[in-house]
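Visitor: task: produce atomic coordinates for the following.
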Amino acid sequence: MKNKIVVTGIGAVTPLGVGVNSYWNNLLSGKSGIAPISRFDATGLPVTFAGEVPDFNPEDFMVKKQVKEMELFMQFGYAAAAEAMDDAGLKEDADGNLPLPKERIGVVLGNVFAGIIDIADTQDKFSTGSASRVNPRFITRIIGNIAAAQIAISKGLKGPSLTVSTACSSGIDAISTGIMLIEQDLADAVICVGAEAATSPLTILGLSSIHALSRNNEHPTEASRPFDLNRDGFVMAEGGGAVIIEKEESALRRDANIRCTVAGYANSTDGYHVTSPHPEGIAAIFCMKQALAVAGLPLTSVDYINAHGTSTPKGDIIEVSAIKSLFGEHAYKLAVSSTKASTGHLMGAGGVTETIACIKAIEEDILPPTINQTTPDPECDLDFVPNEARKAVVNVAMCNAFGFGGQNASLLLTKYSK
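Guide: Next up, the predicted model:
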């Protein structure tokens, strides 16, 4: 990369808790955020559990007017962005000014389903005759770009505001887009956000119809088991994540706390199938290789990979095969874990919350575990940091995210040094 870009702020809203500290501590403790669905009656559905955000009170982060204006996925993203801005020291003074010009701060948000919960509920009310009019806020609660707009409006930000929707790679692609804005000198800092709240009967039925979801209704905390022989599908989850990336010179000038360096990024497309990844993982291999090339780092420099690892029978094997194909012997020396075992699959938010796990791993030299590892899969034979967190030097971490349509995204982070 031409100019050094650093991370100065992080924020998280996850099934493991609200706030980065709750998320990270519970992740390291091996806790599961998966439980029976509480937001609606899931009786009769093929899947009755998910990763819901516990104890989330939107009024802790916004005024009542904003709560009414924002659909749940927007609230999650907004809350994560608020924590990240506070963490980065991007606080308004008495005159409403920020440490950086508001014209030089951008927002990029990644999302998959936008306001699908409101859409489904509104249509259901019309279909059943329980409603005859639409809430005036309906449209601006469901369209994806308004989530980023709400963040910009709240702080009067004037920089670029973009929304990325590349299936489950949306979160990392939001960060990659932010990197490109900074590289083109269109911003000094970018608030990169992932936000998702899509757990509803409609999405459960849709994903179940293509056999994507685990149906381990009897043992929900054990349902997400990436790389384990008995995995049977992914677990839907919700939340928000935010990472603030910034020019190094900008961060140093305002004496910001620099957490790590953004070293490389890449995106690729399988060009193969709308749901199935390429069986040989060709584009995933290219994506990881390209991220390393952008960073100018050798394969052997990577200490840890936060894998996409959704817990699907085929997908996990393909990702493991891609890692082994690219890294060769080094694949057996680095650590690979999937934090989706603990959180479920946050879809559009996942790439960002998993990037935060990489940032914390680099800062604290500790590897987050892949829980629910009970029966080894002979085809998944790497070091998945099974069941317990582990101390290890992490100088370079890679985060992968792959999605429907053959979307692939990889991000490389390194320890910061001037």
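Visitor: the nearest residue to residue 37 once chain neighbours are set aside bridge partners, please.
Guide: Leaving aside its sequence neighbours, residue 37 sits nearest to residue 50 (CB to CB, 6 or more residues apart in numbering; 5.3 Å). Placement of C-beta: from N, CA and C, glycine included. Here residue 50 sits in beta bridges with residue 35, going by DSSP bridges.
Visitor: what is the neighbour count of residue 50?
Guide: Neighbourhood size, residue 50 [other CB atoms under 10 Å]: 28.
Visitor: start the count at 452 instead of 1 going forward.
Guide: Sure thing, new numbering starts at 452, so read that last one as residue 501.
Visitor: surely it and residue 689 touch.
Guide: Yes - counting by CB atoms under 8 Å, residue 689 is a contact partner of residue 501 at 7.4 Å.
Visitor: tell me, what's touching these two both at once?
Guide: Counting by CB atoms under 8 Å, 6 or more residues apart in numbering, the shared contacts of residue 501 and residue 689 are residue 650.
Visitor: what segments of the stretch 652-801 of the chain are helices?
Guide: 652-660, 699-704, 733-746, 764-778, 791-794, 801-815 (DSSP state H, counting those that start in this stretch).
Visitor: which residues does the first one contact?
Guide: I take that to be helix 652-660. The contact list for helix 652-660 (CB under 8 Å, 6+ apart) reads 491, 493, 496, 497, 498, 564, 567, 571, 664, 666, 687.
Visitor: for it, buried residues please.
Guide: Within helix 652-660, the residues that count as buried by 16 or more other CB atoms under 10 Å are 652, 653, 654, 655, 658, 659.
Visitor: can you check stretch 660-668 too?
Guide: Buried residues in stretch 660-668 (16+ other CB under 10 Å): 663, 664, 665, 667.
Visitor: contacting residues for the third one?
Guide: This points to residue 665. Shown in contact with residue 665 (CB under 8 Å, 6+ apart): 498, 674, 675, 682, 683, 684, 685, 686, 762.
Visitor: and for the last one?
Guide: Residues near residue 667 by CB under 8 Å, 6+ apart: 500, 673, 674, 683.
Visitor: buried ones among those?
Guide: 500, 673, 674.
Visitor: what's the closest of the buried residues of helix 652-660 to residue 470?
Guide: Of all these, residue 470 sits closest to residue 654, with 26.3 Å by CB to CB.
Visitor: quick check: residue 559 touching residue 613?
Guide: Yes - using CB under 8 Å, residue 559 makes contact with residue 613 at a distance of 4.8 Å.
Visitor: overlap in contacts of those two?
Guide: In contact with both residue 559 and residue 613: 599, 628, 632, using CB under 8 Å, 6+ apart.
Visitor: closest to residue 554 among those?
Guide: Of all the shared contacts of residue 559 and residue 613, residue 632 has the smallest distance to residue 554: 12.6 Å, by CB to CB.
Visitor: for the closest one, grab phi and psi.
Guide: phi -60, psi -40 (degrees, to the nearest 10).
Visitor: circling back: more neighbours: residue 559 and residue 613, which one.
Guide: The residue with more neighbours, out of residue 559 and residue 613, is residue 559; 26 against 17, by other CB under 10 Å.
Visitor: and that one, which of the three is it?
Guide: strand (DSSP: H, G, I helix; E, B strand; the rest coil).
Visitor: can you check residue 543 too?
Guide: Applying three-state DSSP: residue 543 is coil.
Visitor: and the spatially closest residue to residue 609 that is not a sequence neighbour, how far from residue 790?
Guide: Spatial nearest neighbour of residue 609, excluding adjacent residues (CB to CB, 6+ apart): residue 554 at 4.3 Å. Separation of residue 554 from residue 790 (CB to CB, to the nearest Å): 36 Å.
Visitor: more crowded one of the two?
Guide: residue 790 (29 against 12).
Visitor: give me the buried positions along the worst-scoring helix or strand of the chain on mean pLDDT.
Guide: In the chain, no helix or strand scores lower on mean pLDDT, DSSP states H and E than helix 567-579, which sits at a mean of 89. Counting neighbours by 16+ other CB under 10 Å, one finds that the buried residues in helix 567-579 are 567, 568, 569, 570, 573.
Visitor: now do stretch 814-830
Guide: Under 16+ other CB under 10 Å, the buried positions of stretch 814-830 are 814, 817, 818, 819, 820, 821, 822, 823, 824, 828.
Visitor: end to end, how far does that stretch reach?
Guide: Length of stretch 814-830, first residue to last, CA to CA, to the nearest Å: 32 Å.
Visitor: what mean pLDDT does that stretch have?
Guide: In this model, stretch 814-830 has a mean pLDDT of 97.
Visitor: and stretch 851-869, by the same measure?
Guide: Averaging pLDDT along stretch 851-869 yields 95.
Visitor: buried sites along it?
Guide: 851-867.
Visitor: and the helix or strand hosting residue 850, what does it pack onto?
Guide: Per DSSP states H and E: residue 850 is located in strand 847-854. Judged by 3 or more CB pairs under 8 Å, 6 or more residues apart in numbering; DSSP states H and E, strand 847-854 is in contact with helix 621-634, helix 733-746, strand 755-757, helix 764-778, helix 801-815, strand 858-865.
Visitor: now do 7 Å
Guide: Contacts defined by 3 or more CB pairs under 7 Å, 6 or more residues apart in numbering; DSSP states H and E place strand 847-854 against helix 621-634, helix 733-746, strand 755-757, helix 801-815, strand 858-865.
Visitor: closest to residue 475 out of those?
Guide: helix 801-815 (5.0 Å).
Visitor: ok, back up a step: most neighbours per residue, which of the helices of the stretch 652-801 of the chain?
Guide: Of all these, helix 791-794 has the most neighbours on average by mean count of other CB atoms under 10 Å, namely a mean of 30.
Visitor: related to what we said a few turns ago, of the shared contacts of residue 559 and residue 613, just say which sits nearest to residue 547.
Guide: For the shared contacts of residue 559 and residue 613, the nearest to residue 547 is residue 599 (20.1 Å; CB to CB).
Visitor: for that closest one, give me its contacts.
Guide: 558, 559, 560, 612, 613, 614, 644 (CB atoms under 7 Å, 6 or more residues apart in numbering).
Visitor: could you dump the contacts of residue 667 to CSV with distance to residue 624 and pLDDT?
Guide: CSV is the format used below for those (distance: CB to CB, whole Å; pLDDT from 0 to 100):
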residue, distance to residue 624, pLDDT
500, 28, 98
673, 31, 98
674, 27, 98
683, 28, 97
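Visitor: what's the closest of the buried residues of helix 652-660 to residue 701?
Guide: For those, the nearest to residue 701 is residue 654 (39.7 Å; CB to CB).
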